[in-house]
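[1] Structure, please.
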Amino acid sequence: MMRKSQSWLNNSIRSFTVIPLITAFSFLFCVESEEVGLTFISNGDEELYAEIEIGYLLPSEKDSSGLLLYTVNDELLTGEVSWFNKETQKLRRVHTFKDGLVTEEVEYDDDKNQFSKVEYLYSNGKHSGFRWFGENDQLLRTQHKTFNAAEELTHVKEWYKNGNPKYELAYDELSNYQGLYTLYDPEGNISTQERYKDGELVEKIK
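    Alright, predicted model coming up:
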């Protein structure tokens, strides 16, 4: 039996998971180093520049969270930072930081209209998920992790643009589906519902 973790929907989930995270950290460049506690400075990618020079501090060996902390003048960054297109000088992105962690990212089109917003979630010093909004602050996707001694699960829910739920599911660290897997049609009716354990179908509900 093919494991559900290898299905087309799982591939879609993985791609959507990466989108907000990539945009949030696109202003940083890659650094290969085994050293810790080092601060590197960057002021934008190839297309954007920030109002200030932003650094980031690699986590120390004692920090098990693995979170990057963003800095200005070696101080943990708190507040908003705006990013502008180098050619047009138009506002493209605004990040909000608190104590060195990015908590929100808002993106704008040429007419300064917001078309995307991501709120980043943290739990016990670890990045635990995000909430993704489209135009007019419409909630499109939530993703968060739950941690316990037995396992770590990622819970995902997505909505159609009409506001009805699209699907919801959970998967473990190996991308195996766990628990209920539910798909909805655009009218909000359940079209498919199944139960999984370790990626294997154990019950076909609908």
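
[2] The chain: helices as residue ranges?
    Counting by DSSP state H, residue ranges of the helices within the chain are 8-24.

[3] So what pairs up with Phe130 in the strands?
    Beta-bridge partners of Phe130, counted by DSSP bridges, are Tyr120, Gln143.

[4] Oh, that last question was meant for Pro165, not what I typed.
    Here Pro165, judged by DSSP bridges, has bridge partners Trp159.

[5] surely it meets Trp159?
    Yes. Contact criterion Cβ atoms under 8 Å: Pro165 and Trp159 qualify, at 5.7 Å. Bear in mind the C-beta positions are built from the backbone N, C-alpha and C, glycine included.

[6] Which of those two has more residues huddled nearby?
    Comparing Pro165 with Trp159 by other Cβ atoms under 10 Å, the one with more neighbours is Trp159, at 20 against 16.

[7] any idea how far Gln143 is from the more buried one?
    13 Å (Cβ to Cβ, to the nearest Å).

[8] With Gln193 instead?
    For Gln193 relative to Gln143 (Cβ to Cβ), the value is 20 Å.

[9] Check the burial of Arg131 by counting its neighbours.
    So Arg131, with other Cβ under 10 Å, has 17 neighbours.

[10] quick one: contacts for it?
    Counting by Cβ atoms under 8 Å, 6 or more residues apart in numbering, Arg131 touches Val118, Glu119, Leu121, Leu139, Arg141, Thr142.

[11] Dump the residues you listed to JSON lines, plus distance to Glu51.
    Formatted as JSON lines, the contacts of Arg131 follow (distance: Cβ to Cβ, whole Å):
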{"residue": "Val118", "distance to Glu51": "20"}
{"residue": "Glu119", "distance to Glu51": "22"}
{"residue": "Leu121", "distance to Glu51": "26"}
{"residue": "Leu139", "distance to Glu51": "29"}
{"residue": "Arg141", "distance to Glu51": "29"}
{"residue": "Thr142", "distance to Glu51": "30"}
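
[12] And those residues, which of them are buried?
    For the contacts of Arg131, a burial check counting by 16 or more other Cβ atoms under 10 Å picks out Val118, Glu119, Arg141, Thr142.

[13] wouldn't the second one be in contact with Phe130 here?
    In this case it means Glu119. Yes. The pair Glu119 and Phe130 qualifies as a contact (Cβ under 8 Å) at a distance of 6.3 Å.

[14] Gln193 and Gln143: which is more packed in?
    Neighbours per residue (other Cβ under 10 Å) separate Gln193 from Gln143, with Gln143 holding more: 19 against 15.

[15] For Leu101, see how far away the more buried one is.
    17 Å.

[16] do you know how far Ile205 is from Tyr196?
    For Ile205 relative to Tyr196 (Cβ to Cβ), the value is 11 Å.
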